[in-house]
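> Curious how this folds, go ahead:
(one chain, ligands or ions: 1)
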Amino acid sequence: MPLDILAVAAHRDDVEQTCAGTLLKMAERGYRTGILDLTQGEMGTRGSAEDRAREAAEAARILRVSWRAALDIPDGRVENTWENRLKVVRVLREQRPRVLILPYWEARHPDHYTASILGYEAAFISGLAKLAVSQQPAAIRDTGGDSAAPHRPFKIIYASLYHDVRPTFVVDITDQFETRFAALMAYKSQFTDQEAGSTIFPAHKEIRARVESVARHYGMMAGVTYAEPFVQKEVGLVEDVLAIPVKSI
Ligand SMILES: [Zn+2]
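Modelled structure (predicted):
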């Protein structure tokens, strides 16, 4: 069964911080959602890659995602190479999402903006009929089957919460906010109060306040309580101007 929506991000917990409310909302509507983390988080100040794998699985359960996997791209060294693009292509052809959520293409962390470009280029070449999966290096040719059939997502939207850019639309996550926050808190190695990295990681109470105020900020832009921001490159298409949401004055 193909996925309806796949969110791709550099690090475990990026999706939880940027678009998890939207994924949960879509899962509640009966869509099949998925998360692909490009790295396993081995460079994090806190917790091992194994800790983060366990936490990611718990977050996925909370968010009711149908599929989640992490690639073996080195943490802190996400590079837009042919080999890495093919790793993402294999997932796209296996999971066949209609909607792809990528990180916004500008960011402070190089892994984040590289993941955006890497994801876009992988989505493009994934649709090339003559690009055979068998051309991939042996290290990532691990599933076989008919995963080679070309597939290009219909729609790409960019989760822009990490960057100060005006979203083209927001998704109302008022009803999903608490569960989304619980999914983030599943990353106990990252977010519980502890000594290691206490100078760079905010305390639990502070995290709650930040996550809430950001979600409220984007919610306020659309007249709802909590929302998540997205950018799309295409224009919006309207059938009925009387049905356009969000009050102007
Ligand atoms: Zn990240």
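> Helices of the chain, residue ranges please.
In the chain, the helices defined using DSSP state H lie at 14-18, 20-28, 49-62, 82-95, 110-126, 177-185, 188-191, 204-222.
> helices or strands up against the fifth one?
Think helix 110-126. For helix 110-126, the elements it packs on are strand 5-9, helix 82-95, strand 99-103, strand 155-159, judged by 3 or more C-beta pairs under 8 Å, 6 or more residues apart in numbering; DSSP states H and E. The way it works is simple: take the backbone N, C-alpha and C, and place the C-beta from them, glycine included.
> and residue 99, how many residues sit next to it?
Using other C-beta atoms under 10 Å, residue 99 has 17 neighbouring residues.
> The lowest-mean-pLDDT helix or strand in the chain vs the ion: in contact?
When each helix and strand of the chain is scored by mean pLDDT, DSSP states H and E, helix 188-191 comes last, with a mean of 85. No - Helix 188-191 is not in contact with the ion by C-beta under 5 Å from the ion; minimum separation 10.7 Å.
> again with stretch 49-60
No - if you take C-beta under 5 Å from the ion as the test, stretch 49-60 misses the ion, and the best it gets is 11.5 Å.
> Residue numbers of the protein in contact with the ion?
Residues of the chain lying near the ion (C-beta under 5 Å from the ion): 10, 11, 14.
> which one of those residues is nearest residue 157?
residue 14 (15.0 Å; C-beta to C-beta).
> hang on, the earlier thing: buried ones among the residues of the chain next to the ion?
For those, a neighbour count by 16 or more other C-beta atoms under 10 Å gives the buried set as 10, 11, 14.
> Export these to TSV and append columns for pLDDT and distance to residue 209.
Output for these, formatted as TSV (pLDDT from 0 to 100; distance: C-beta to C-beta, whole Å):
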residue	pLDDT	distance to residue 209
10	97	25
11	96	22
14	97	20
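> now, which of these sits nearest residue 148?
residue 10 (26.0 Å).
> and the closest one, what is it in contact with?
When the contact criterion is C-beta atoms under 8 Å, 6 or more residues apart in numbering, the partners of residue 10 are 37, 38, 39, 78, 103, 109, 111, 112, 114, 115.
> switch the cut-off to 6 Å
By C-beta atoms under 6 Å, 6 or more residues apart in numbering, the residues touching residue 10 are 38, 39, 78, 111, 112, 115.
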